[in-house]
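Participant: Have a look; sequence and predicted model below, questions after that.
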Amino acid sequence: GVVRQLRQVSADNDGIDLAFRADVRAGLTQAQKAIPARWFYDATGSALFEDITALPEYYPTRSETDLLQRHAAAIAAAIGPGRAVVELGSGSSTKTPLLLEAIAPAAYVPVDISGDFLRGSAMALAARFPGLPIYPVEADFMQAVDLPREIAALPKLGFFPGSTIGNMVARTAVDLLRNWRGSLGDGSLLLIGVDRIKDVETLIAAYDDPAGVTAAFNLNLLERINRELDGTIPVENFSHRAVWNDIYARIEMHLVAACAMDFQVDGRAYHMAKGETIHSENSHKYGPRDANLLLRAGGWTPLATWDDADPAFALILAEA
Ligand code: AVJ
């Protein structure tokens with residue numbers, strides 16, 4: 001394939017750095033300290049997430065990959081050939097080729113905030129799919145994105161795997177779905193991965209594995225703050241916690257302070273009491289009707305669902 005020139009839409013290193021700074025400052029100043037989950041993914045965090053996807057307890061990646069494999073023919077029949085596949089957050093190195101192989105797309109447009117990651121995965125896919133034009137877009141997929149004009153005339157398929165939508169509270173998820181409904185346009189399709197509500201034991205095991213990989217992933221956020229924002233956070237005084245919040249139907253990850261402490265970040269002083277937490281991630285889970293309602297609220301009509309029962313996970317195809 002041919003990787004066209006990397007399109008830099010909104011993100012640059014200074015911009016990302018400023019946004020990280022602003023999110024950490026605001027997040028550490030709140031009564032319930034909280035930092036958005038998107039900041040997990042520096043180089044170390046991305047590598048740790050890859051390790052998480054290989055854990056026996058972390059079922060979502062395996063379930064979704066299985067669904068794409070087992071239902072490839074049905075999915076391809078429902079989508080049809082000749083679409084431009086626009087992937088929100090390119091990075092699923094194993095899932096994307098499964099989809100591209102199944103549906104014979106006319107173009108592939110990975111959208112990712114990390115230019116390095118984007119270049120790497122675009123090159124790998126280009127080698128694997130000769131003849132497929134690839135137009136990487138370096139941008140934050142949470143914002144409205146201008147798509148390359150080369151794909152303007154093609155029918156689109158949005159691809160949003162991995163249940164990444166689960167990181168967003170409902171209001172933000174609906175905003176994102178509506179924005180992409182606008183960017184992809186009338187007649188477009190969306191294939192989205194959604195994790196289901198299931199027994200709490202299975203959920204907790206997936207987010208608090210005995211090998212401690214998820215703990216390392218969570219704690220790396222503090223290391224990143226120390227490294228990039230001139231922080232003095234005593235990381236060894238924090239521990240990982242994963243809890244099920246039933247009202248919100250989500251797994252929450254927190255970083256728990258083992259003792260009272262004072263530290264500095266970016267020239268500002270912070271205090272934490274013993275037992276106080278920094279809320280670092282939400283991972284919302286959706287029952288079948290919940291997921292369909294969320295999609296409809298975002299302007300998408302569900303057409304078909306392929307799901308796994310145990311542990312439950314779903315791939316949903318919706319139309320604009
Ligand atoms: C990449 C957001 C889908 O919520 O399951 C994995 C991230 N966090 N283990 C998820 C994650 C802890 C993951 N997503």
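Facilitator: Great, that's in hand.
Participant: Every contact and neighbour count from this point should use C-alpha atoms.
Facilitator: Will do.
Participant: For the residue in the stretch 101-250 of the chain that the ligand sits nearest to, what are phi and psi?
Facilitator: Proximity of the stretch 101-250 of the chain to the ligand (Cα to the nearest ligand atom) peaks at Thr164, 4.3 Å away. Backbone torsions of Thr164, given as degrees, to the nearest 10, read phi -60, psi -30.
Participant: residues contacting it?
Facilitator: For Thr164, the contact set (Cα atoms under 8 Å, 6 or more residues apart in numbering) comprises Gly193, Val194.
Participant: Recalculate using a threshold of 10 Å.
Facilitator: Thr164 is in contact with Arg38, Leu88, Gly89, Ala173, Ile192, Gly193, Val194, Asp195, Ser283, His284, counting by Cα atoms under 10 Å, 6 or more residues apart in numbering.
Participant: swap in Thr65?
Facilitator: Ser92, Thr94, Lys95, Thr96, Leu98, Leu99, Pro161, Gly162.
Participant: hey, where'd the helices end up in the protein?
Facilitator: 13-29, 43-53, 60-70, 72-79, 95-103, 115-128, 170-184, 200-207, 213-228, 288-297 (DSSP state H).
Participant: Reformat the ones you listed as CSV; add distance to the ligand and mean pLDDT.
Facilitator: Below are these laid out as CSV (distance: least, Cα to the nearest ligand atom, whole Å; pLDDT from 0 to 100):
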stretch, distance to the ligand, mean pLDDT
helix 13-29, 18, 88
helix 43-53, 6, 93
helix 60-70, 7, 96
helix 72-79, 21, 98
helix 95-103, 13, 95
helix 115-128, 15, 84
helix 170-184, 13, 97
helix 200-207, 5, 98
helix 213-228, 6, 98
helix 288-297, 15, 98
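Participant: okay, the ones you listed in JSON lines with distance to Ser239 next?
Facilitator: Formatted as JSON lines, the helices of the chain follow (distance: least, Cα to Cα, whole Å):
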{"stretch": "helix 13-29", "distance to Ser239": "17"}
{"stretch": "helix 43-53", "distance to Ser239": "16"}
{"stretch": "helix 60-70", "distance to Ser239": "24"}
{"stretch": "helix 72-79", "distance to Ser239": "41"}
{"stretch": "helix 95-103", "distance to Ser239": "32"}
{"stretch": "helix 115-128", "distance to Ser239": "29"}
{"stretch": "helix 170-184", "distance to Ser239": "28"}
{"stretch": "helix 200-207", "distance to Ser239": "13"}
{"stretch": "helix 213-228", "distance to Ser239": "7"}
{"stretch": "helix 288-297", "distance to Ser239": "32"}
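Participant: Hmm, Leu294 and Ile316 touching each other?
Facilitator: No. Judged on Cα atoms under 10 Å, Ile316 makes no contact with Leu294 at a distance of 11.6 Å.
Participant: who's more crowded, these two?
Facilitator: Ile316 (23 against 19; other Cα atoms under 10 Å).
Participant: Just the pLDDT for the residue of the stretch 101-250 of the chain closest to the ligand.
Facilitator: Looking at Thr164, its pLDDT is 95.
Participant: What of the one 5 residues further on?
Facilitator: With respect to pLDDT, Val169 scores 97.
Participant: count of neighbours near it?
Facilitator: Neighbour count of Val169, defined by other Cα under 10 Å: 14.
Participant: just Ala107 next, same as before
Facilitator: Neighbours of Ala107 using other Cα under 10 Å come to 22.
Participant: Contacts only, for it.
Facilitator: For Ala107, the contact set (Cα under 10 Å, 6+ apart) comprises 1, 82-86, 100, 131-135, 150-151, 154, 156.
Participant: do the same with Thr202
Facilitator: Taking Cα under 10 Å, 6+ apart, one finds Glu57, Tyr58, Tyr59, Asp310, Pro311 in contact with Thr202.
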